[in-house]
Every structure is written in C-alpha cells, then in structure tokens.
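In: fold the following.
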Amino acid sequence: MNMGMLWFDNDPKADLTLKVQRAAEYYHKKYGQNPDLCFVHPSMLAGSPIKSGQIEIRSSRTVLPNHFWIGVHTAQPAG
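Out: Model prediction:
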C-alpha cells in the first residue's frame, strides 16, 4: 500500500474488527473505493495477520496504538 488513510479509534468498548470496519466505511464514503488492507500497531494484533470481512489486518511498528493505516493493497511489480 503506497497511499492510505490514517484513522484513530480508541473506543474501549469496540473490538479490533469493529474499529477496522468503522474506518473502512469512512474510507469508502470519502474515496468511493473499498479498502482491503489495514496496518495496526503490533500490540493491537496478537499473532499473525487476520481478516475483518475482506480487509486483511497486519501489524506495523510505524503505526501508533489506536491508529489504523487503511487503504488498497498495491501489488509489487515482478522482477
């Protein structure tokens, strides 16, 4: 993902997948496209990547806790 949207959600009553879905709904309204990739802080994701609907959730140390870097996966060129 080269470009995306940064989303903040620190609602203690919502689980990770609900927070990702909220971000995805806003992303769709704003950009007219459905996101399929979301990066979160490693502390928010226990273990390997998971899915929230069609969105793959991965961890990244560059994303702060309670922040979501969401967008559309960009395929890497073969070479």
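
In: and the strands in this structure?
Out: 4-8, 37-40, 50-52, 55-59, 67-71 (DSSP state E).

In: any chance of those in a markdown table, with mean pLDDT and distance to Arg22 too?
Out: Every C-beta, even on glycine, is put in place using the N, C-alpha and C of the backbone. Formatted as a markdown table, those follow (pLDDT from 0 to 100; distance: least, CB to CB, whole Å):
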| stretch | mean pLDDT | distance to Arg22 |
| --- | --- | --- |
| strand 4-8 | 97 | 8 |
| strand 37-40 | 97 | 11 |
| strand 50-52 | 89 | 10 |
| strand 55-59 | 95 | 11 |
| strand 67-71 | 98 | 9 |
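
In: of those strands, flag the one that's most buried.
Out: strand 37-40 (a mean of 24; mean count of other CB atoms under 10 Å).

In: residue contacts, Thr62?
Out: Listed by CB atoms under 8 Å, 6 or more residues apart in numbering, the contact set of Thr62 reads Phe39.

In: I'd like the distance between it and His41.
Out: 9 Å (CB to CB, to the nearest Å).

In: run through this protein and note the low-pLDDT ranges.
Out: 75-79 (pLDDT under 70).

In: recalculate using a threshold of 80.
Out: Scanning the chain for pLDDT under 80 picks out 47, 74-79.

In: could I get the full set of helices for this protein?
Out: 16-31 (DSSP state H).
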